[in-house]
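Q: Sequence plus the predicted model coming up.
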Amino acid sequence: MSWIKSQKQRVVIIISIALILCSFLLIPLSQKAENFPHDIWSNLIFIMLMAGGGGIGAVIGLQMMSRRRISSTTSNIHTNRLKKKAWTDFWVICISSVVGPLFYGFMTYADIKGAQGATYLIMCLASVGLAAGFLIFLNAGKQKYPVHAFDEREFHLIHKAINISNTIFICYTLLVVTSAFYIIGGRGTVPMWSIPVALFSGLFVAGTAQFLVLMHYAREDEKDMDMGPVGGGNE
Amino acid sequence: MSNDKLSNTIRRLRFDAGEMTQQQLADKVGVTRQTIIATEQGRYAPSLPLAIRIARAFGKTVEEVFQLDS
């Protein structure tokens, strides 16, 4: 496996395998719940979705990392790191938007139906996430450029995009909460599944906004590179 | 809000420094070529450390490279 070289690639594979294994762990947990749909087809569909999400995430992650390694060694001056950052973040938010609601929805349902051990599983996953984050943090500290190798203008643009994205997330949250109050009022109850769905749809909307803003900046940069003033570039 | 605009002489200084390319300057001061282009066009006001690094790359003072137009 000569292509698995960096620490980050190993972390991606470990997380993907953990995700797939968790889907298997959920089956025996769901058996303890009353009226839970634990027939063979429900289990099979759930395993396929989780494994598919984990597998697609691993493939995309590894693909992006291998591309990054190639581009850094060839030292292509036309490399637009803002565009790369935009796409990377967009894929992450897309995968999270598929796997996240599915997992949280399942866990919420399992908890409502009385499945024992659901809390322990969430704690296990949180531990895996923390360990993975810590490994990435340690690995980042060893690199020449400690954070991302972005320069100050790129950081400035990324922060602007994140600020816009955060504002959109806040507006979206306010809109959803206000709509919920307007529609339901004080008369009814909010179904449990709507909470993770609202959270992840908000994250997806904010992530998409961040992607669009970064792509706009990247396009402006590329325009400057193409029509750049005399004296720039390859000569 | 101030209406001051930061102009610069980076392009002329590059030409004077043996037609230094934007990429060469970018490598010298440790930023991307896009940042040099944006700075040169006056679309981006660099931080003080970057302004000093750019000035040092040409052997000039910051005031010789960057001017504040009111």
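A: Here it is on my side, so go on.
Q: only C-alpha atoms for contact and neighbour calcs from this point on.
A: OK.
Q: Next, the contact list for the closest residue to residue A:201 other than its chain neighbours, please.
A: In space, and not counting its chain neighbours, residue A:201 is closest to residue A:97: 7.0 Å by Cα to Cα, 6 or more residues apart in numbering or on different chains. Under the criterion of Cα atoms under 8 Å, 6 or more residues apart in numbering or on different chains, the neighbours of residue A:97 are A:200-201, A:203-204.
Q: These into CSV, with extra columns for distance to residue B:58?
A: Below are those laid out as CSV (distance: Cα to Cα, whole Å):
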residue, distance to residue B:58
A:200, 50
A:201, 51
A:203, 46
A:204, 46
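Q: Closest one of those residues to residue A:137?
A: Residue A:137 lies nearest to residue A:203 out of the contacts of residue A:97, by Cα to Cα, at 23.0 Å.
Q: unless I'm mixing things up, the closest one is touching residue A:169, no?
A: Yes - Residue A:203 is within contact range of residue A:169, at 6.8 Å (criterion: Cα atoms under 8 Å).
Q: Look up the pLDDT of residue B:16 for me, please.
A: pLDDT, the model's per-residue confidence, is 91 for residue B:16.
Q: Tell me how many other residues surround it.
A: Around residue B:16 there are 11 other residues, counting by other Cα atoms under 10 Å in any protein chain shown.
Q: any idea how far residue B:4 is from it?
A: With distances taken as Cα to Cα, to the nearest Å, residue B:16 is found 27 Å from residue B:4.
Q: can you check residue A:172 too?
A: Here residue A:172 is placed at a distance of 37 Å from residue B:4 (Cα to Cα).
Q: out of the two, which sits in the more crowded spot?
A: Legend: neighbour count by other Cα under 10 Å for residue A:172 and residue B:4, higher for residue A:172 (19 against 10).
Q: average pLDDT across the strand or helix carrying the more buried one?
A: Residue A:172 belongs to helix A:152-184 when assigned by DSSP states H and E. Confidence over helix A:152-184, taken as the mean pLDDT, stands at 87.
Q: Packing partners of that helix?
A: In terms of contacts (3 or more Cα pairs under 8 Å, 6 or more residues apart in numbering or on different chains; DSSP states H and E), helix A:152-184 is packed against helix A:194-226.
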